[in-house]
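In: the sequence isn't on hand, but the structure is:
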DNA sequence: GTCAGTGCAAACTTTTTGCAACTAC
DNA sequence: GTAGTTGCAAAAAGTTTGCACTGAC
């Protein structure tokens, strides 16, 4: 897996006339060692601790742009800071987001995946996708119900 | 439509013990006069020109949070600044995003919409959703092909 | 040797926060 | 009258940019 994405990235850099710097490969490798979402800060810290490399934030931003262009990384923006995710061989882009507590969960659903993949677009070539389903997680749903009941009682008494 | 969302918002404010300030209703009304996406800056300017109200950005951010909680507005984050969109009676949350030029297009597909709506989630209550399909628009696809051909020629000559 | 790429810090943009003034209740 | 809201300005958070230095080609 890591070897494969490294090859893809090398090829991408060659074709587009970019240099093959050690920083770029260290970043790619670190990204593919992370499961799930990460942001620039997490990536910065992970690189700082596990690798010998000290890579600046500016370089992280630069490299992420290349990796997105090479279809090796995708960007999400749930919260305040952008979240990224490895893209190669990773089908997990269906998200449940609780509008109350903000918790993000990934889920699997083959029927849904097929429906998206099979959709025909006019004048557009699909490369990848991401679905965000908003609603209430079970915890917040229960809290909401309690709250409503409480407010109804107050309003009825008025 | 505007009257309906105003009623929903009024109810929401009552139930949650928030005040019914003129600023809040002016913001709601302006949002529902906008078609498609908008960001805080656009909303600020629109309010400044069309309404008598001068509403600060802080108030816009505060109110948007209430409107999201009341399920009247949803938030996207494509580019740098957050984009928002009215949510009531609006089914257009399927987006095509060109990874090259960044163009965002909304599209309709009833089969896809049904597939999403019919998906059963465990311990999660769907309220709304948003699908982002990434790829190349026809313009950038053509540009990409030209570029690849050019690079192949260069590499072959080497 | 050359120029793309890097690190650093400053600049910029967007969003959040603190506080005094205001007003819906 | 009294909290919840607002406006303003300052602060914070995230990202981009300018510039001198470095190293891949």
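Out: Yep, that arrived. All figures in this text were calculated on a predicted structure; none of them were measured in a lab.
In: residue A:73 reaches residue A:84, doesn't it?
Out: Yes. Here residue A:73 reaches residue A:84: they are 5.5 Å apart, a contact under Cβ atoms under 8 Å. For every residue, glycine as well, the C-beta is placed using N, CA and C.
In: find residues that contact each of those two.
Out: A:31, A:64 (Cβ atoms under 8 Å, 6 or more residues apart in numbering or on different chains).
In: need the residues of chain A near DNA strand D, please.
Out: Applying Cβ under 7 Å from any atom of the strand, one finds that chain A approaches DNA strand D through A:13, A:19-22, A:39-41, A:57-58, A:61-62, A:80-82.
In: now residue A:97: phi and psi?
Out: As for residue A:97, its main-chain torsions (degrees, to the nearest 10) stand at phi -120, psi 120.
In: if I look at it, what pLDDT would I see?
Out: Per-residue pLDDT puts residue A:97 at 90.
In: ok, it touching residue A:131?
Out: No. Under the criterion of Cβ under 8 Å, residue A:97 makes no contact with residue A:131, lying 10.3 Å away.
In: who's more crowded, those two?
Out: With neighbours defined as other Cβ atoms under 10 Å in any protein chain shown, residue A:97 and residue A:131 compare such that residue A:131 has more, 23 against 20.
In: so where's chain A uncertain?
Out: By pLDDT under 70, the low-scoring segments of chain A are A:51-52, A:147-158.
In: show me which strand runs longest in it.
Out: strand A:124-137 (DSSP state E).
In: quickly run through the sheet partners of that strand, with directions.
Out: strand A:94-98 (parallel), strand B:124-137 (antiparallel) (DSSP bridges).
In: tell me the contacts of residue A:31?
Out: Applying Cβ under 8 Å, 6+ apart, the residues contacting residue A:31 are A:38, A:43, A:67, A:72-73, A:84, A:86.
In: highest neighbour count among the residues you listed?
Out: residue A:67 (25 neighbours).
In: residues contacting residue A:81?
Out: Residue A:81 makes contact with A:39-41, according to Cβ under 8 Å, 6+ apart.
In: which phi and psi does it have?
Out: Per-residue torsions, residue A:81: phi -100, psi 150 (degrees, to the nearest 10).
In: what ranges do the helices span in chain A?
Out: Using DSSP state H, the helices of chain A run over A:2-15, A:22-31, A:40-50, A:57-69, A:110-118, A:138-157.
In: now, of those, which is deepest in the fold?
Out: Stretch with highest mean neighbour count among these: helix A:22-31 (a mean of 20; mean count of other Cβ atoms under 10 Å in any protein chain shown).
In: coming back round to it: pull out the buried positions in the longest strand of chain A.
Out: Judged by neighbour count (16 or more other Cβ atoms under 10 Å in any protein chain shown), strand A:124-137 contains these buried residues: A:124, A:128-137.
In: hang on, the earlier thing: which one of the helices of chain A lies closest to residue B:146?
Out: Within these, the stretch nearest residue B:146 is helix A:2-15; the backing value is 13.5 Å (Cβ to Cβ).
In: any idea of the angle that closest one forms with helix A:22-31?
Out: On the basis of axes from the mean of the first three to the mean of the last three Cα atoms, to 10 degrees, helix A:2-15 is oriented at 140 degrees to helix A:22-31.
In: what's helix A:2-15 packed up against?
Out: When contacts are defined as 3 or more Cβ pairs under 8 Å, 6 or more residues apart in numbering or on different chains; DSSP states H and E, helix A:2-15 sits against helix A:22-31, helix A:57-69, helix B:138-157.
In: how about the closest residue in space to residue A:144 that isn't next to it in sequence, what does it touch?
Out: Closest residue in space to residue A:144, ignoring its immediate chain neighbours: residue A:136 at 6.2 Å, by Cβ to Cβ, 6 or more residues apart in numbering or on different chains. Contacts for residue A:136 were tallied using Cβ under 8 Å, 6+ apart; they are A:98-100, A:144, B:124-125, B:127.
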